[in-house]
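Peer 1: Let me see the structure of the following:
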Amino acid sequence: MNLHAIWAIYVYEMKRFFRTVMESLLSPVISTSLYFVVFGAAIGSRIEQVEGVAYGAFIVPGLIMLSVMTQAISNASFGIYFPKFIGTIFELLSAPVNFLEIVIGYVGAAATKALMIGVVILITAQMFVDLDIQHPIAMIAFLVMICLSFSLFGFIIGIWAENFQQLQLIPLLVITPLVFLGGSFYSISMLPPAWQTVTLFNPVVYLISGFRWSFFGTADVAIGISLAAIGVFFALCLAAVWLIFKTGYRIKS
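Peer 2: Down below sits the predicted model:
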């Protein structure tokens, strides 16, 4: 394992993040504040509690998931796409660095950025509501796994994308709607039975449900199913990345 190569890629990606750290961290703070104003104040005044949890607190896990998933995908996809765009990917591929070291460097940096943003949102949320996290270790584990999994997914998108527009295609048109429809701001038990069944086909439901369980001890689906869902998604992304480097899909001329 070439640790020097991994560290070099990781540091390079993190430096790019810290060059715009104020914008990167200020944006989720403002967005989170606006969500609390709109959902917490406007809707929360009509829905006081959901499953015994104050509505303002109930939406915190969903807010964190929304930002973490989109940021992990965005950072990882841009991180690998830009070397493709300017042609330096071939220098990286010809260097004495294997695919695993490349993935660890890029995905590790993207996951770190997403994790930092998740922590910032959590701190911001505590300015608006009282949060008593029942399972802090499980919360951290869920957050780290989701950051890693969606960074891997973003890495795949960055390899697949042929232009900058495609980088935003899946996060905007697929991930964001799935998060909004996956119980981020409501419990799926509030839906009619038919829609509850339909919602269970949304994979994001299992991630948000498990993450919310770590906060409040309540979940829409069993915690074991949530853990299995994130494990399967991580394994599928890892297998896809391995296949990309094995076949040279869109990274080799």
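
Peer 1: okay, now S94: neighbour count?
Peer 2: 8 (other Cβ atoms under 10 Å). Where you see a C-beta, it was placed from the backbone N, CA and C, and this is true even at glycine.

Peer 1: er, I133 actually
Peer 2: I133 has 16 nearby residues by other Cβ under 10 Å.

Peer 1: looking at this, it is in a strand?
Peer 2: No - under DSSP: H, G, I helix; E, B strand; the rest coil, I133 falls outside any strand and is assigned coil.

Peer 1: was I right about it contacting W213?
Peer 2: No - contact between I133 and W213 fails when scored by Cβ atoms under 8 Å: they sit 10.9 Å apart.

Peer 1: where does R46 land in three-state SS?
Peer 2: coil.

Peer 1: Contact partners for it?
Peer 2: Contact analysis of R46 by Cβ atoms under 8 Å, 6 or more residues apart in numbering lists nothing.

Peer 1: ok, which stretches of the stretch 1-150 of the chain are helices?
Peer 2: Per DSSP state H, counting those that start in this stretch, the stretch 1-150 of the chain has helices spanning 3-18, 21-35, 55-58, 60-86, 89-94, 99-125, 136-160. These are given in chain order.

Peer 1: weakest of the ones you listed by average pLDDT?
Peer 2: Of all the helices of the stretch 1-150 of the chain, helix 21-35 carries the lowest average pLDDT, namely a mean of 77.

Peer 1: Now it: buried residues?
Peer 2: By neighbour count with 16 or more other Cβ atoms under 10 Å, helix 21-35 contains the buried residues 24-25, 28, 32, 35.

Peer 1: hmm, back to that, so which of the helices of the stretch 1-150 of the chain gets nearest Q168?
Peer 2: helix 60-86 (7.9 Å; Cβ to Cβ).

Peer 1: packing partners for the closest one?
Peer 2: Judged by 3 or more Cβ pairs under 8 Å, 6 or more residues apart in numbering; DSSP states H and E, the packing partners of helix 60-86 are helix 3-18, helix 21-35, helix 89-94, helix 99-125, helix 136-160, helix 164-170, helix 176-180, helix 204-216.

Peer 1: Distance to L191 for these - can I get that in JSON lines?
Peer 2: Listed next are the helices and strands packed on helix 60-86 as JSON lines, based on distance: least, Cβ to Cβ, whole Å:
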{"stretch": "helix 3-18", "distance to L191": "38"}
{"stretch": "helix 21-35", "distance to L191": "21"}
{"stretch": "helix 89-94", "distance to L191": "45"}
{"stretch": "helix 99-125", "distance to L191": "25"}
{"stretch": "helix 136-160", "distance to L191": "23"}
{"stretch": "helix 164-170", "distance to L191": "25"}
{"stretch": "helix 176-180", "distance to L191": "13"}
{"stretch": "helix 204-216", "distance to L191": "11"}
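
Peer 1: out of the ones you listed, deepest packed?
Peer 2: helix 204-216 (a mean of 25; mean count of other Cβ atoms under 10 Å).

Peer 1: What helices and strands are in contact with that one?
Peer 2: The contact analysis (3+ Cβ pairs under 8 Å, 6+ apart) places helix 204-216 against helix 55-58, helix 60-86, helix 136-160, helix 176-180, helix 223-247.
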